[in-house]
Structure formats: structure tokens, C-alpha cells
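Colleague: The sequence isn't on hand, but the structure is:
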């Protein structure tokens, strides 16, 4: 039995989505255990640490693995594991060397290049909102400076590469939907919410293709929207 420990409105949305795609394709069964965020900290509940030391979602447990090896964390690893183990017909895995390189690049690009500046921007925004009144103008000025010097350029460069890639092919690894699209969805949905996607017609069309898939629709019905 596969068990996914899911946290609302988090990166684990994409693992639910991939499991739903595998369920549609192969009849793969899994157990979903959903958790709410802590009302005070908005983080995962401390009970997650009882499953994995990092205490973050997603956490996948596959009892077909040997004792001591059944608990998996980190989205990219979980995606790779699920596809290598359960995607027997390679419906969601790249075929060919070029597609594999693209797939692997985007699998890591999501969290390595696009998400860090988005998360930093979110943290700075929250800090400027919650800072004491006397220092709030200073925090806001600091946030503005960091946005101009670092964050905006990095986000714009990353999104520019995304738009260029999706203007050449419908999916990130070429003509077929793969786990790379699942991984990239959260980051691009976050960018849509945080900075908008004005003028990014190819990226917007890709989001629409993702969100029209039956597996995606089933995921939203189970756990709600990603944000």
C-alpha cells in the first residue's frame, strides 16, 4: 500500500496529482492522509516529524519497500520513484535522451531556480506586513530594494525561459506530458499568484492544458486548489 501524507495548499498537491494520473492509467491504489496547516505558524503540524525528520509535506510511504526504506520525502525524488516503479509503460516518463535531459532539467529547475526568489518575496511581504508600526517603513524599503536588485530579475529570467520553452513545445519535455510538468505546476501557479503572467501566452496555455486533465480535476476534487 502507498500512503501519501498531504498538507493543504502545499507542494504535496503535485504528488496527489501524479498519483491520480497513475490511478487513471494503471489503476494504482493509494491512501491519502490530509492534514491542515497549523493555525498559528501556518506550517505542517509537528506530527509530520514523527514520520520523517524534516517534518514537511509531501511524505510518501510505500510498504512494498524494505523496512527502514519505506519513507520518502522531497517532491522530485517522489516523482522519480513513482514513475520508475509504477509507470511501467512510460506514459509519464520521457522517452529519448533529449527528452530525458529536458525532463531532468525542469524537475530540478522548479525548486532550484524559480521557487527560491518567489518564496523569498513572500517572506519579505509577510515581514513587511507584520513588522511593528515604527519599523514597518524600513522593512518595506528593504523589501523594495531586494526586489529591485535580486528577486525581480531572477523571477523574470526564469519565467522568460519557461515561456520560451513552452512556445516551442506543448510540454516541458517535448510533445508528451511528463512528471516534469507535474513538478513545474506548483512553481508556475505560485508565480501566477505572486507576480502574474502578463504577456506569457504559451505559459498560460500550458496551465490550461494541465488544469483540464482528468487527473488534475480529480485532485482538486480531493484536496482543493493548490492555493
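Modeller: Okay, I see it. Being a predicted model, the structure only gives us computed values, none of them experimental.
Colleague: rest of the way, CA atoms for contacts and neighbours
Modeller: OK.
Colleague: Can you say which helix or strand has the spatially most central residue of the chain in it?
Modeller: Centroid-nearest residue in the chain, with C-alpha atoms, centre = their mean: residue 186, separated by 3.5 Å. In this structure, residue 186 is located in helix 179-194 according to DSSP states H and E.
Colleague: Ok, residue 211 next?
Modeller: In this structure, residue 211 is located in helix 201-212 according to DSSP H and E.
Colleague: okay, the angle between the very next helix or strand once past that helix and helix 201-212?
Modeller: Next in sequence after helix 201-212, counting helices and strands by DSSP H and E, comes helix 214-223. On the basis of axes from the mean of the first three to the mean of the last three C-alpha atoms, to 10 degrees, helix 214-223 is oriented at 60 degrees to helix 201-212.
Colleague: Enumerate the positions of stretch 29-44 that are buried.
Modeller: Applying a neighbour-count criterion of 16 or more other C-alpha atoms under 10 Å, one finds 30, 32, 43, 44 buried in stretch 29-44.
Colleague: what's the answer for stretch 207-227, then?
Modeller: The neighbour-count check on stretch 207-227 (16+ other C-alpha under 10 Å) flags 207, 210, 215, 216, 217, 218, 219, 220, 223, 226 as buried.
Colleague: Measure how far it is from the centre of its chain, please.
Modeller: On the basis of C-alpha atoms, centre = their mean, to the nearest Å, stretch 207-227 sits 13 Å off its chain's mean C-alpha point.
Colleague: Would you mind measuring the gap between the ends of that stretch?
Modeller: From the first residue to the last, stretch 207-227 extends over 14 Å; the measure is C-alpha to C-alpha, to the nearest Å.
Colleague: what about it, average pLDDT?
Modeller: Average pLDDT, stretch 207-227: 97.
Colleague: coming back round to it: quick one: which of the buried residues of stretch 29-44 is nearest to residue 146?
Modeller: Nearest to residue 146 out of those is residue 43 (C-alpha to C-alpha; 24.9 Å).
Colleague: returning to that earlier point: just put the buried residues of stretch 207-227 in TSV and tack on distance to residue 54.
Modeller: Shown next, in TSV, are the buried residues of stretch 207-227 (distance: C-alpha to C-alpha, whole Å):
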residue	distance to residue 54
207	30
210	29
215	28
216	27
217	30
218	28
219	25
220	26
223	22
226	21
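Colleague: biggest separation within those, which pair?
Modeller: 207 and 223, at 18.4 Å, using C-alpha to C-alpha across the buried residues of stretch 207-227.
Colleague: how about residue 132, secondary structure?
Modeller: coil (DSSP: H, G, I helix; E, B strand; the rest coil).
Colleague: what's the pLDDT at it?
Modeller: Model confidence at residue 132, given as pLDDT, is 77.
Colleague: Can you show me the helices along the chain?
Modeller: For the chain, applying DSSP state H gives helices covering 13-26, 75-86, 97-109, 115-130, 136-146, 152-168, 179-194, 201-212, 214-223.
Colleague: rank these by pLDDT, which is bottom?
Modeller: helix 136-146 (a mean of 70).
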